[in-house]
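3D, please:
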Amino acid sequence: MPQHLPGTAQALPSHPAMQDVVVQLFSHHSIVEPILVPAVVEPLLVWVLAGRARVEERALGGAWEAALVEAGDFFLTNTRDPYEMRWQTVECDTFEVMHLYLGLSLIDQGARDVLGDHPDSVSFLDISGARDERVDFILDQLRIELTEQRQPSPLFVHSLAQALAVHLIRRYRDPHGDNRRSGALQAYKLRRVLAVMNEGLAEDFNLAQLARIAELSEYHFSRVFKRATGLSPSQYFIRLRMSRARQLLLETDRSIIDIGLEVGYCSPSHFSQVFRREVGVTPSTYRQA
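Alright, predicted model coming up:
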């Protein structure tokens, strides 16, 4: 998510034994330009820690749906399609959120416990701006363990995450959900791919390298990546380049030629052409505006 959501991410301790649960804390400002949230196989839970905001979501090309959220509200996303979101803070400069990905092994173990020895793969309802005291309690315990303990216990974190998985299966399982794992990209693979993309914005696009990182064939990788993000890998790479270029244009006084070189364009005219196609204006006009 750091590649998708603007804001300040708080570093949390990593541990090999905690790979089934990924937790990230963010402090966000308002954002008007929509961001793309990828669709991966694991469910994503977002919990509001502090502040209030008007959050809008929509399917790609669809109508916006809004919810006013505050501390204690949560979102649960298990969609097989990417979507867009934006938000406006209310009576505050920022609002703080916690993102949690639950690994499939936790979901499967919880499903066996709740539904029997041979359950179908579980999918969840999409929840926006709801409140749940048990979700509050478990997530707060996770936050405390990861941020306030000098040496967080992987066993304690895993136990809390497993308890959360059981509760979500009991209360928010989609009884009519299809098998969303079929042909879906796993979150840890998407993280690896996006990290390499962001580190290599000045390099040529390399589909074969990205497919190897995802441990898939080039054809299968391209297909599942587009299903997750709504864009082909090459289109997404260009979008990352333009996002970095916009940031540099607004936050530095570096020349447009230097910025173009940093995001992989040796020709200033080619950089300007791609930037105008993707953003709608030339780099110089974007900076002046």
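
where in the stretch 51-200 of the chain is pLDDT low?
Low-confidence segments of the stretch 51-200 of the chain, defined by pLDDT under 70, are located at 93, 177-183.

what segments of it are strands?
Remark: strands assigned in the stretch 51-200 of the chain by DSSP state E, counting those that start in this stretch are 52-59, 65-70, 74-77, 83-89, 95-102, 127-130.

for residue 138, find the nearest of those.
Of all the strands of the stretch 51-200 of the chain, it is strand 95-102 that lies closest to residue 138, at 9.6 Å by CB to CB. For the C-beta atoms, the positions are set from N, CA and C on the backbone; glycine is no exception.

and the closest one, what does it pack against?
If you count contacts as 3 or more CB pairs under 8 Å, 6 or more residues apart in numbering; DSSP states H and E, strand 95-102 packs onto strand 21-28, strand 44-50, helix 133-148, helix 154-172.

what's the domain layout of the chain?
Using automatic domain parsing, the domain parsing of the chain gives 8-172, 187-288.

now those in JSON lines, please, with extra columns for mean neighbour count.
Converted to JSON lines, the domains of the chain look like this (neighbours: other CB atoms under 10 Å):
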{"stretch": "domain 8-172", "mean neighbour count": "17"}
{"stretch": "domain 187-288", "mean neighbour count": "16"}
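
show me the one of the strands of the stretch 51-200 of the chain that comes nearest residue 236.
Closest to residue 236 of those is strand 83-89 (CB to CB; 14.3 Å).

adding distance to residue 265, write the helices and strands packed on strand 95-102 out as CSV.
What follows is the helices and strands packed on strand 95-102, written out as CSV (distance: least, CB to CB, whole Å):
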stretch, distance to residue 265
strand 21-28, 30
strand 44-50, 34
helix 133-148, 40
helix 154-172, 43
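
quick one, which of these is nearest to residue 253?
Smallest distance to residue 253 across the helices and strands packed on strand 95-102 (CB to CB): 26.6 Å, for strand 21-28.
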